[in-house]
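Participant: Here is the input, now give the coordinates:
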Amino acid sequence: MIQATAQVHPKAKIGEKVMIWNWVQVREDAEIGEGTIVSKGVYIDFGVKIGRNVKIQNNVSVYHGVTIEDGVFVGPHVCFTNDKRPRAINPDGSLKSAADWEVTPILIRAGASLGANSTILPGVTVGRFAMVGSGAVVTRDVPDYAVVVGNPARRLGWVCECGDKLDEKNHCVRCNKTVAVGKPEA
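Facilitator: This next block holds a predicted model:
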């Protein structure tokens, strides 16, 4: 279902059972996997890849170079950046064009959750089932199952796939399982 006020480029690839709400813009060559929900006011840049069963909340900006794997939650007002040295003009004063900047990719691994108003900087990988706290500024890779908060984001602890905190032995009482925490897979 695509709302009438949404602008979806004819070259965008939209999976089955995708819901695209009001005032969304999806650019050319973007890919959105089946079952994904794209909420009001979201911008999805050209060439962005979004997996299956992703939930993107209101007013998120997903810029060129971002890949979001399956089952990711993206809270309201999350911003993905893609340029490590942003400038409006070149040293000679001329306006920068697309040829004057270099995209640095971002990868959000399966099952991760990004809290409201978090900012993900260029070149970052957020690991599987990691949780990024609201308002966090993620400046470096986040390990699988890590909880990060703050500016810059720092690890606060570890969580299970269900979202509950892990104990000191990386065990989840709710699921009664032990989780292998650590570095995000490249």
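Participant: give me the beta-bridge partners of residue 37?
Facilitator: When bridges are called by DSSP bridges, residue 37 pairs up with residue 19, residue 55.
Participant: Just confirm it contacts residue 54, I think it does.
Facilitator: Yes: between residue 37 and residue 54 there is a contact under CB atoms under 8 Å: 7.5 Å. Backbone N, C-alpha and C define where each C-beta goes, glycine included.
Participant: Between the two, point out the one with more neighbours.
Facilitator: More crowded of residue 37 and residue 54, by other CB atoms under 10 Å: residue 54, with 22 against 17.
Participant: and the more buried one, what is it in contact with?
Facilitator: 32, 33, 36, 37, 68, 70, 71, 72, 73, 74 (CB atoms under 8 Å, 6 or more residues apart in numbering).
Participant: Quick check: closest non-adjacent residue to it.
Facilitator: residue 36 (4.4 Å; CB to CB, 6 or more residues apart in numbering).
Participant: distance of the residue lying farthest from the centre of the chain from residue 86?
Facilitator: Farthest-out residue of the chain from its mean C-alpha position, per CA atoms, centre = their mean: residue 92, at 34.6 Å. Distance, residue 92 to residue 86, using CB to CB, to the nearest Å: 17 Å.
Participant: How about residue 168?
Facilitator: Going from residue 168 to residue 86 by CB to CB gives 41 Å.
Participant: Comparing those two, which residue is more hemmed in?
Facilitator: Counted by other CB under 10 Å, residue 168 and residue 86 do not tie: residue 86 has more neighbours, with 10 against 7.
Participant: Identify each buried residue in stretch 144-156, please.
Facilitator: 144, 145, 146, 147, 148, 149, 153 (16 or more other CB atoms under 10 Å).
Participant: actually stretch 40-59, not the one I typed
Facilitator: By 16+ other CB under 10 Å, the buried positions in stretch 40-59 come out as 40-45, 47-59.
Participant: Could you pick out which of the residues you listed are located in helices?
Facilitator: The helices, defined by DSSP state H, take in nothing from the buried residues of stretch 40-59.
Participant: where does the chain dip in pLDDT?
Facilitator: Applying pLDDT under 70 to the chain flags the ranges 183-186.
Participant: Restrict stretch 143-153 to CA atoms and write it as PDB.
Facilitator: C-alpha atoms of stretch 143-153 as PDB (Å, rounded to 0.1, in the frame of the first residue of the first chain):
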ATOM      1  CA  PRO A 143      29.100  -4.700  18.400                       C
ATOM      2  CA  ASP A 144      26.400  -7.300  18.000                       C
ATOM      3  CA  TYR A 145      23.900  -7.200  21.000                       C
ATOM      4  CA  ALA A 146      25.500  -4.100  22.500                       C
ATOM      5  CA  VAL A 147      23.500  -1.200  24.000                       C
ATOM      6  CA  VAL A 148      25.000   2.200  23.300                       C
ATOM      7  CA  VAL A 149      24.000   5.600  24.600                       C
ATOM      8  CA  GLY A 150      25.300   9.200  24.600                       C
ATOM      9  CA  ASN A 151      27.400  11.500  22.500                       C
ATOM     10  CA  PRO A 152      29.600  10.000  21.400                       C
ATOM     11  CA  ALA A 153      27.800   6.700  21.900                       C
END
